[in-house]
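J.: Sequence and predicted model, in that order:
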Amino acid sequence: MSTSSHSYPMSSGEDQHSYIHNSSYQKAGIDGVEAMIKQAILEKLDLQLNSSLSNFTIADFGCSIGPNTFHVVQSIIDTVKFKQLEENNETNIVPLEFQVFFNDQSNNDFNTLFRTQPLSSECQYFSAGVPGSFYGRVLPRNSIHIGHTSYTTHWLSKVPEHVCDRKSPAWNKNYIHCNHLIEEVTKAYRVQFTKDMEVFLEARAEELVHGGLMIVVGQCLPDGVPMYETWQGHVVETIGDCLMDMAKTGITSEEKIKLFSLPVYFPQFSELKRTIEENGSFMIEMIETISHPFEGMRLTSEFITSMFRAFFTAVIEQHFGNDVVYELFNRLAQKLSKQPIDFEMWKTQEVYSVVLKRK
């Protein structure tokens, strides 16, 4: 069972700052790999979709509050239905019934998730919320036919040990994330990411049926590209600069900043691939990267600020207090407006898609 106590859900509710209204960047990444994933399901799902299988179970791990989770689930269901019709010539075959488990941390806003669930889904599948960290089992053994997670595993189960310890060579100093500038810090984050992915994959291996598929989508760094060379890394550095400015005016303190580091790590592609390959419970059916569909677009400072606010609010509030968030992201918006990001100057992350089959 899941035992993690570190939980930083995406911004809840339905207001202008909520994840619901600020997750189109992730949605575009998911859409960019959708066709490849559909093809992989059609070609690699070996389960016999005939009358002997009446119920088909799907789980979305780290579902947040939508709408992306509903889009992903519907796409999987439509693909499985098509595959069932394709494999069976019987005109009177009984349609599959679908059960969908929506999993996220216990303090995820499940009320908003289910309140905003499309009405059309009610006749498509049965729904259930499953609270708990996916860094551990959250569902019974051999109960899932297709598992999915997207834009989740860069969130670590905890901040790596020693990165907030001033006496450690792995102390992150005034940096608030892993930017690859301090070798010992990078190593600590890499070790934590590897441990977490091992736990994640082992838990999913127990929950999936043999022959079932696990789909993992997210963002990674191209090999040889450090975080500090990407525009995403630049934005986080700017958030750190805003915190330091606030410390100078007494809104927060430098001591608090020095004891803060985000539990977030974007691996380079080869790191991600190696971690998955070393897990013996799955066969890799597909592992690909693409450029993000928004690459080349000039994202506005308002769009970037709202996006980062939606997924960093909880972790900022927990460390610095509730009163800091508004001022922090107001300052971020001002800095980005005064000095817009030159996207041609900065490198960027890639979207990866992985399809694994349970041995």
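T.: Cool, the structure landed. Numbers count the residues shown, from 1 in each chain.

J.: In contact with S12, which residues?
T.: 18-19, 65, 108-109, 112 (C-beta atoms under 8 Å, 6 or more residues apart in numbering). (C-beta placed from N, C-alpha, C; glycine too.)

J.: in which helix or strand would I find the closest residue to S301 other than its chain neighbours?
T.: Closest residue to S301 apart from its sequence neighbours, by C-beta to C-beta, 6 or more residues apart in numbering: L336 at 3.6 Å. For L336, the enclosing helix or strand under DSSP states H and E is helix 324-338.

J.: related to what we said a few turns ago, which ones among the contacts of S12 are found in strands?
T.: Among the contacts of S12, no member falls in strands (criterion: DSSP state E).

J.: Now those residues in TSV, please, with extra columns for pLDDT and neighbour count.
T.: Shown next, in TSV, are these (pLDDT from 0 to 100; neighbours: other C-beta atoms under 10 Å):
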residue	pLDDT	neighbour count
S18	84	20
Y19	90	26
I65	92	27
N108	94	23
D109	95	22
T112	94	18
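
J.: what about E161, neighbour count?
T.: Around E161 sit 12 other residues, with neighbours defined as other C-beta atoms under 10 Å.

J.: With E184 instead?
T.: Neighbour tally, E184, other C-beta under 10 Å: 14.

J.: how about it, what does it touch?
T.: Contact partners of E184, counting by C-beta under 8 Å, 6+ apart, are 168-170.

J.: One more: I316?
T.: 324-325, 328.

J.: What helix or strand is the nearest residue to P267 once chain neighbours are set aside located in?
T.: Closest residue to P267 apart from its sequence neighbours, by C-beta to C-beta, 6+ apart: C220 at 5.4 Å. Secondary-structure assignment from DSSP H and E places C220 in strand 208-220.

J.: ok, and for that strand, which residues are buried?
T.: By neighbour count on 16 or more other C-beta atoms under 10 Å, the buried set for strand 208-220 is 208, 212-220.

J.: Which single one of those residues is nearest to Y135?
T.: Of all these, Y135 sits closest to V216, with 13.9 Å by C-beta to C-beta.

J.: which residue sits closest to the closest one in space, ignoring its chain neighbours?
T.: Using C-beta to C-beta, 6+ apart and skipping residues adjacent in sequence, the residue nearest V216 is V354, 4.3 Å away.

J.: List the neighbouring strands of the strand or helix carrying the one you found plus their orientation.
T.: Assigned by DSSP H and E, V354 belongs to strand 350-358. Sheet pairing of strand 350-358 (DSSP bridges) gives strand 208-220 (antiparallel), strand 282-291 (antiparallel).

J.: pLDDT of the helix or strand just after the last one, averaged?
T.: Of the helices and strands lying after strand 282-291 in sequence (DSSP H and E), the nearest is helix 301-320. Within the predicted structure, the mean pLDDT of helix 301-320 is 95.

J.: how far is helix 301-320 from where the chain is centred?
T.: 15 Å (C-alpha atoms, centre = their mean, to the nearest Å).

J.: next one: stretch 64-73
T.: With C-alpha atoms, centre = their mean, you get 12 Å for stretch 64-73.

J.: mind listing what's buried in it?
T.: Of the residues in stretch 64-73, 64-70, 72-73 count as buried by neighbour count, 16+ other C-beta under 10 Å.

J.: Same check on stretch 350-359?
T.: Buried residues in stretch 350-359, counted by 16+ other C-beta under 10 Å: 350-358.

J.: With respect to M227, which of those residues is nearest?
T.: Of these, the one sitting nearest to M227 (C-beta to C-beta) turns out to be E350, at 13.0 Å.

J.: Need the per-residue pLDDT for that closest one.
T.: pLDDT, E350: 98.

J.: Distance check, the nearest residue to it once chain neighbours are set aside against V217.
T.: Spatially, and ignoring its direct neighbours in sequence, E350 is nearest to T289 (4.3 Å; C-beta to C-beta, 6+ apart). Plainly put, T289 is 11 Å away from V217 if you go by C-beta to C-beta, to the nearest Å.

J.: Which residues are in contact with each of those two?
T.: Taking C-beta under 8 Å, 6+ apart as the contact rule, T289 and V217 both touch 351-353.

J.: What is the nearest of these to K273?
T.: Y352 (8.8 Å).

J.: wait, what's in contact with the closest one?
T.: 216-220, 269, 272, 287-289.

J.: Now tabulate those in JSON lines and tack on distance to Q84 and pLDDT.
T.: Formatted as JSON lines, the contacts of Y352 follow (distance: C-beta to C-beta, whole Å; pLDDT from 0 to 100):
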{"residue": "V216", "distance to Q84": "24", "pLDDT": "98"}
{"residue": "V217", "distance to Q84": "24", "pLDDT": "98"}
{"residue": "G218", "distance to Q84": "29", "pLDDT": "98"}
{"residue": "Q219", "distance to Q84": "32", "pLDDT": "98"}
{"residue": "C220", "distance to Q84": "33", "pLDDT": "98"}
{"residue": "F269", "distance to Q84": "34", "pLDDT": "98"}
{"residue": "L272", "distance to Q84": "32", "pLDDT": "97"}
{"residue": "I287", "distance to Q84": "26", "pLDDT": "97"}
{"residue": "E288", "distance to Q84": "26", "pLDDT": "97"}
{"residue": "T289", "distance to Q84": "30", "pLDDT": "98"}
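
J.: Which residue ranges of the stretch 101-250 of the chain form helices?
T.: Per DSSP state H, counting those that start in this stretch, the stretch 101-250 of the chain carries helices over the ranges 110-115, 183-207, 231-248.

J.: possible to save these as a markdown table with distance to I257?
T.: Listed next are these as a markdown table, based on distance: least, C-beta to C-beta, whole Å:
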| stretch | distance to I257 |
| --- | --- |
| helix 110-115 | 31 |
| helix 183-207 | 15 |
| helix 231-248 | 5 |
